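K.L.:
quick one, structure for this:
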Amino acid sequence: MLYSVEPFTDVPGCQVRPGTPNGQLVDSTNDVLSHELIETITDPDGRTWVDVTSGGMLGQEIGDECVFVTSLGLDPFTNPLYSDPAIIEVEGRKYAIQPEYNNRAQACTAER
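P.N.:
Numbers count the residues shown, from 1 in each chain. So this is what the prediction gives:
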């Protein structure tokens with residue numbers, strides 16, 4: 001049985017930026033869960049899908065490839081850093097999710 005536990009998602013380091021469609025608590029949870037879901041699917045035992053390039057992401061899982069971070073101030077050392085999710089729409093409802101690496105596009109996307 002595979003599972004993940006994300007007890008604190010609306011905290012510095014995991015929070016999405018302010019102004020997302022469902023508020024920071026809900027959208028921070030959605031962002032973290034989408035990240036962990038794709039990693040559970042692509043790397044269920046923690047040894048399957050990891051970046052093998054020599055760049056700064058060496059050894060990271062697929063969800064880590066597309067974690068975009070933003071600061072709302074000029075100085076990221078004195079201003080909080082936030083996750084910068086993609087906003088998608090499903091049946092008229094907007095959601096904030098983390099973009100994931102897309103082999104077809106060879107880029108981070110939020111395709112569904």
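K.L.:
now Cys66. Nearest residue, chain neighbours left out?
P.N.:
In space, and not counting its chain neighbours, Cys66 is closest to Cys108: 3.6 Å by Cβ to Cβ, 6 or more residues apart in numbering. No exception for glycine: its C-beta is placed from N, CA and C like everyone else's.
K.L.:
kindly state the beta-bridge partners for the one you found.
P.N.:
Tyr101 (DSSP bridges).
K.L.:
any idea of the pLDDT on Glu100?
P.N.:
The score at Glu100 is 86. That number is its pLDDT.
K.L.:
what is the burial count for it?
P.N.:
Using other Cβ atoms under 10 Å, Glu100 is surrounded by 21 other residues.
K.L.:
give me the number of residues near the residue nearest to Cys66?
P.N.:
Around Cys108 there are 15 residues (other Cβ under 10 Å).
K.L.:
which stretches in this protein count as helices?
P.N.:
Secondary structure of the chain by DSSP state H: the helices cover 24-42.
K.L.:
the helix or strand bottoming out on mean pLDDT in it pairs with which strands, parallel or anti?
P.N.:
Least confident helix or strand of the chain, by mean pLDDT, DSSP states H and E, is strand 69-71 with a mean of 78. Strand 69-71 pairs in its sheet with strand 81-83 (antiparallel), by DSSP bridges.
K.L.:
contacting residues around the partner strand?
P.N.:
For strand 81-83, the external contacting residues (Cβ atoms under 8 Å, 6 or more residues apart in numbering) are 12-18, 28, 31, 67-72, 98.
K.L.:
report the buried members of these.
P.N.:
Using 16 or more other Cβ atoms under 10 Å as the burial test, the contacts of strand 81-83 include Cys14, Gln15, Val16, Arg17, Ser28, Asp31, Gln98 as buried.
K.L.:
and the gap between the fourth one and Asp84?
P.N.:
From Arg17 across to Asp84, the span is 6 Å (Cβ to Cβ, to the nearest Å).
K.L.:
next one: the third one
P.N.:
Applying Cβ to Cβ, the value for Val16 to Asp84 is 7 Å.
K.L.:
endpoint to endpoint, stretch 11-19 covers what distance?
P.N.:
By Cα to Cα, to the nearest Å, the extent of stretch 11-19 from end to end equals 16 Å.
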